[in-house]
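Enquirer: Let me see the structure of the following:
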Amino acid sequence: MTAVQESFLPFDIAAAQNVGTRLSRSSEPDAAVSEVAAWLEQRQAAQVIGDSIRQAFDEVLDGQRTGRFDIDTLEKTEKTYLGTKVEIILRSAFGLGRGRSMDYVIAGHEVDSKFTVGQNWTIPSEADRHICLLVSANDRKGEFAAGVLRISDDVLNPGRNRDGKRTLSASGRNAVLWIANRAKLPENILLHTSQADREAIFGAGGGRSGQLRTDELFRRVQGRVINRNTVLTVARQDDSPKRVRDARTKLRSEGIAVLGHLNPHPQIAQALGLDIPGKGSWLSTPLTQVGPESSRAKAEINGLFYAVPLPGEQPTVPAPL
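Expert: Below you'll find the predicted structure:
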């Protein structure tokens, strides 16, 4: 047994036998495909793949240097590289070895990586009879899909493009063992922020001050977790934590609190009914003081109670943290 094979043990054979029934409608399950899907599922594949896609997009966009946040603005060569980037990050995330002829070895089987941001995958002839990990993502919709399929004539449309590649047929889609289908992709905050707000953020201080752009980001994007990459893209500077700390000081005077991952901020976010920022992420929210008898979601801060303001309600100035 090779070192690569040993890295896949122990393997849950029962899970491999059951995964086809739970993930696919195929009437003739492929044992090897089921084993690959089960191996991935046992390792929280949906979460890992979603996070890996987000990382791949962000790294190719290179927002800190370019200010870009939308893959539609990538150069043609960069868009072509997205698939390779996803393949590389997934290999690292799952700790996979390379196959002899395909991209990965998963549960002892050679598996090829296929990625698309379109509606279908283009499959080359050399993938015939091989297992593929099919991954797709739509950043505007905030969705991704991932599944496992063995390629054959039965699962492909007959037509070929100029490179001789074929697309997955309707019956091919039905045969996929879906690990994730229309799953939530980690949010691209800037892409999903209004054009008016984006223009205000990037234009703050005449567009010449990374700190003013960061201030405006947390002023306008409230109640949503903002990750480090978003701050880097807006500030175009290295020290995103310092930019956020300075924004927190500035926005306190406007009644806006910027919560991070250190205690007691996660507990405050939870008490307020907000998403909880993890390490390297933040969330801004206005706060207004309420009485201890209030039935609203509220957090105790320095002996007083605060809640997220209702529409038309003014925040308490300064914010308590």
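
Enquirer: neighbours around residue 129, how many?
Expert: A count of neighbours around residue 129, defined by other CB atoms under 10 Å, yields 9. Just so you know, the C-beta spots here come from the backbone N, C-alpha and C atoms, and that holds for glycine as well.

Enquirer: what about it, is that helix, strand or coil?
Expert: coil (DSSP: H, G, I helix; E, B strand; the rest coil).

Enquirer: so how far is residue 30 from it?
Expert: 11 Å (CB to CB, to the nearest Å).

Enquirer: try residue 105
Expert: From residue 105 to residue 30 the distance is 17 Å (CB to CB).

Enquirer: Starting from the strand or helix carrying residue 132, tell me which strands it pairs with and how they run.
Expert: Element membership for residue 132, per DSSP states H and E: strand 131-138. Within its sheet, strand 131-138 is paired with strand 109-116 (parallel), strand 143-150 (antiparallel), according to DSSP bridges.

Enquirer: about what we covered before: can you work out which residues contact both of residue 129 and residue 30?
Expert: residue 150 (CB atoms under 8 Å, 6 or more residues apart in numbering).

Enquirer: just checking, what packs against the longest helix seen in the chain?
Expert: Ranked by residue count and defined by DSSP state H, the top helix of the chain is helix 76-94. For helix 76-94, the contact count by 3 or more CB pairs under 8 Å, 6 or more residues apart in numbering; DSSP states H and E identifies helix 45-61, strand 104-106, strand 109-116, strand 131-138 as packing neighbours.

Enquirer: Let's see that with 7 Å instead.
Expert: The helices and strands touching helix 76-94, judged by 3 or more CB pairs under 7 Å, 6 or more residues apart in numbering; DSSP states H and E, are helix 45-61, strand 109-116.

Enquirer: So which of those is nearest residue 94?
Expert: When the helices and strands packed on helix 76-94 are compared by CB to CB, helix 45-61 sits nearest residue 94, at 6.6 Å.

Enquirer: what comes up buried for the helix or strand following the closest one?
Expert: Under the assignment DSSP H and E, the closest C-terminal helix or strand after helix 45-61 is helix 63-66. Across helix 63-66, burial judged by 16 or more other CB atoms under 10 Å covers 63, 64.

Enquirer: Other residues contacting helix 63-66?
Expert: 69, 229, 232, 233, 236 (CB atoms under 7 Å, 6 or more residues apart in numbering).

Enquirer: Please report how far the spatially closest residue to residue 253 that is not a sequence neighbour lies from residue 255.
Expert: Excluding its sequence neighbours, the residue lying closest to residue 253 (CB to CB, 6 or more residues apart in numbering) is residue 318, at 5.3 Å. Distance of residue 318 to residue 255, computed by CB to CB: 7 Å.

Enquirer: just to revisit the earlier point, so how far is residue 216 from the residue nearest to residue 253?
Expert: Relative to residue 216, and taking CB to CB, residue 318 is found at 19 Å.

Enquirer: Neighbour count for the two, which is higher?
Expert: Between residue 318 and residue 216, counting by other CB under 10 Å, residue 216 is the more crowded of the two (21 against 15).

Enquirer: Show the contacting residues for the more buried one.
Expert: Taking CB under 7 Å, 6+ apart, one finds 200, 201, 204 in contact with residue 216.

Enquirer: circling back: now go through the contacts of helix 63-66 and say which are in helices.
Expert: Per DSSP H, these map to helices at 229, 232, 233.

Enquirer: Distance check, the first one against residue 55.
Expert: To tie it back to what came earlier, the one meant is residue 229. In terms of CB to CB, residue 229 sits 9 Å off from residue 55.

Enquirer: what's the residue closest to the geometric middle of this structure?
Expert: With distances taken as CA atoms, centre = their mean, the residue of the chain nearest its centroid is residue 186 (2.9 Å).

Enquirer: Go ahead and confirm it touches residue 49.
Expert: No. The pair formed by residue 186 and residue 49 falls short of the contact definition of CB atoms under 7 Å, at 10.8 Å.

Enquirer: which stretches of the chain form strands?
Expert: 104-106, 109-116, 122-123, 131-138, 143-150, 166-167, 177-184, 226-227, 256-259, 281-286, 288-290, 299-301, 304-307 (DSSP state E).
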